[in-house]
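Engineer: everything below, folded, please.
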Amino acid sequence: MKRTPPGFCLNSTRSFYNRISFLYPVINYFLKGQKKSLIHEVNKEPPGTLLEIGIGNGSHLRLYAYHQVTGIEISEAMLKKAQRFKNDRYQLLLMNGENLEFTKASFDYVVMSHVLAVTKNPEQLLQEAYNVLKPGGKLFILNHFTPDNWLGHVDRAFQPLSFLLHFKSAFYLHKLGTLRRFTLLQQINLFVGSYFKLLIFCKP
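Structural biologist: Take a look at the predicted model:
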């Protein structure tokens, strides 16, 4: 039986992000352009209820133009920083995306930005997103996906060390079976070699 690396247990992941929360502005700097592209696509959609899973320090929340945003985060330290940006359109909660505490079909949109490859069980996370989306609702995913080019060799070489940083460096889009429950509407390739992808799905 395949065992989950111990570094990916929830408490360990939460502790890790609590410890590095002071570094998140640096991480965010390198991801800023990608997040702007993501939210630009989200803002094209009609106003609605939006769940963002893994909001980090919340510095990007102000970019959402008019959606009613519920943001969740597993790290208390990250969530505390995000509270600085809170206003009437944002509800911020401490919650695990693999065990969402919302009623089914309660959101028009679900957003995941660089979350899939750092969660313990990506398939469970996607299933939870499917459950809380309304029929016709849209799922926005921004993540790295290991390509079939030279970057794939880099990902696979780094994989033994990536668990120490609580993410999966070798991460393949075609292995995410739960995504087959959705309809792919658009794929936007970002960065060299299409390493990062912005994927927009619809729940039938």
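Engineer: residues touching residue 49, list them.
Structural biologist: Applying C-beta atoms under 8 Å, 6 or more residues apart in numbering to residue 49 gives the contacts 67-68, 70, 106-109. The C-beta positions use only the backbone N, C-alpha and C, and glycine is treated the same way.
Engineer: so the closest residue to residue 181 other than its chain neighbours, which state does it fall into?
Structural biologist: Spatial nearest neighbour of residue 181, excluding adjacent residues (C-beta to C-beta, 6 or more residues apart in numbering): residue 130 at 5.7 Å. The local conformation at residue 130, judged by DSSP: H, G, I helix; E, B strand; the rest coil, is helix.
Engineer: was I right to think residue 130 contacts residue 182?
Structural biologist: Yes - with contact defined as C-beta atoms under 8 Å, residue 130 counts as touching residue 182 (7.1 Å).
Engineer: my guess is residue 194 meets residue 147, correct?
Structural biologist: Yes - Residue 194 is within contact range of residue 147, at 5.7 Å (criterion: C-beta under 8 Å).
Engineer: buried residues in the lengthiest strand in the chain?
Structural biologist: Scanning the chain for the longest strand, with DSSP state E as the assignment, gives strand 133-144. Using 16 or more other C-beta atoms under 10 Å as the test for burial, strand 133-144 gives 133, 137-144.
Engineer: could you tell me which residues touch both of residue 130 and residue 182?
Structural biologist: 139, 203.
Engineer: count of neighbours near residue 33?
Structural biologist: Residues contacting residue 33 under the criterion other C-beta atoms under 10 Å number 12.
Engineer: any idea of the mean pLDDT in the strand or helix carrying it?
Structural biologist: Taking DSSP states H and E as the criterion, residue 33 maps to helix 24-42. For helix 24-42, mean pLDDT is 79.
Engineer: numbering from 122 from now on, please.
Structural biologist: Sure thing, new numbering starts at 122, so read that last one as helix 145-163.
Engineer: what's the following helix or strand after it?
Structural biologist: strand 170-174.
Engineer: and that following strand, which strands flank it?
Structural biologist: strand 189-194 (parallel), strand 228-234 (parallel) (DSSP bridges).
Engineer: which among these is found nearest to residue 219?
Structural biologist: strand 189-194 (10.9 Å; C-beta to C-beta).
Engineer: rewinding a little: how about JSON lines for the strands paired with strand 170-174, with mean neighbour count, distance to residue 183 and mean pLDDT added?
Structural biologist: Listed next are the strands paired with strand 170-174 as JSON lines, based on neighbours: other C-beta atoms under 10 Å; distance: least, C-beta to C-beta, whole Å; pLDDT from 0 to 100:
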{"stretch": "strand 189-194", "mean neighbour count": "22", "distance to residue 183": "10", "mean pLDDT": "96"}
{"stretch": "strand 228-234", "mean neighbour count": "24", "distance to residue 183": "15", "mean pLDDT": "97"}
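Engineer: wait, which of those is closest to residue 159?
Structural biologist: Proximity to residue 159 (C-beta to C-beta) singles out strand 228-234 among the strands paired with strand 170-174, at 5.9 Å.
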